[in-house]
Structure formats: structure tokens, C-alpha cells
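1. Quick one, structure for this:
(one chain, ligands or ions: 1)
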Amino acid sequence: MSIDETIREKIARFLEEVNSPVSVRDIISFLGIEPGREKEVYEHLSHIAKTIRRKSSGRKILYMIPPRCSSCGYVFTKLEKPHKPSRCPRCKSYRIEPPLFYISSNK
Ligand SMILES: [Zn+2]
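-> Predicted coordinates for the structure are as follows:
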């Protein structure tokens with residue numbers, strides 16, 4: 001088992017246990033890793049999103065609440081991969097609320 005898999009499993013377990021959706025910063029503080037590793041955590045989330053359904057035999061799904069502009073309310077619904085956009089395409093603000101994540105049962 002690689003170190004990456006261990007981190008990925010910790011992230012997946014955290015996302016199943018939280019009571020409300022969490023940001024990548026929340027995940028980083030839970031893991032106790034360097035704050036600069038956001039990109040890496042987003043990559044783990046992409047991977048978890050693709051594999052969790054199969055690993056749980058279709059019982060679990062990783063949900064993402066999309067990022068949103070704090071200034072005008074624009075919602076980034078068409079992200080190819082989970083990440084925090086730097087700027088709003090509508091009002092050009094940099095005040096973007098990051099995406100939030102959780103894992104739940106497939107109802
Ligand atoms: Zn905006």
C-alpha cells in the first residue's frame with residue numbers, strides 16, 4: 001500500500017464521518033499536513049469521486065457543493081475537476097467560496 005492510498009483512505013473516512021460538508025482546508029487541518037498541499041488534496045478528491053461508487057458497490061457517492069462567488073452569487077456548476085476557481089467570470093471578484101465535499105449513501 002502506498003502513502004497516497006493511506007491519505008486517500010483517511011480523506012474518504014473523514015468525508016463519511018462529518019456532519020456537514022467540508023472544504024479542502026478542513027481536510028488539510030484534519031490530516032495535519034502542510035497548508036500548501038491543497039492541489040494534492042483536490043487530486044485525491046477527484047480520485048475518490050471516481051472510485052468510491054465501485055469500492056462501495058454503488059452504496060456511496062462523493063458529493064460536491066460547487067464553489068460560489070461571495071460577491072454576486074455566481075455558482076460554478078461546470079467544473080471538470082474539483083478545484084477552487086480564482087476569479088468570478090461574471091463580476092471578476094476574487095472572493096470565491098471554495099467547493100465543499102461529503103460522502104453519503106446513494107439513496
Ligand atoms: Zn461574482
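2. mind listing what the closest residue to residue 44 other than its chain neighbours touches?
-> Among residues not flanking residue 44 along the chain, residue 8 sits closest, at 4.9 Å (C-beta to C-beta, 6 or more residues apart in numbering). Any C-beta I mention is one placed from the backbone N, CA and C, and that applies to glycine too. Contacts for residue 8 (C-beta atoms under 8 Å, 6 or more residues apart in numbering) come out as 44, 47-48.
3. What segments of the protein are helices?
-> In the chain, the segments counted as helices under DSSP state H are 3-17, 24-31, 38-55.
4. what sits against residue 58?
-> Residues in contact with residue 58 (C-beta under 8 Å, 6+ apart) are residue 106.
5. what do you get for residue 47?
-> Remark: with contacts taken as C-beta under 8 Å, 6+ apart, residue 47 is in contact with residue 8.
6. again, but for residue 68
-> 74-76, 96-97.
7. Mind checking which of those residues are in strands?
-> Applying DSSP state E to the contacts of residue 68, the entries found in strands are 96-97.
8. nearest to the ion, of the contacts of residue 68?
-> residue 74 (4.3 Å; C-beta to the ion).
9. wait, what's in contact with the residue lying closest to that closest one once chain neighbours are set aside?
-> Leaving out its chain neighbours, the residue that sits closest to residue 74 by C-beta to C-beta, 6+ apart is residue 90, at 4.5 Å. Residues near residue 90 by C-beta under 8 Å, 6+ apart: 69, 72, 74.
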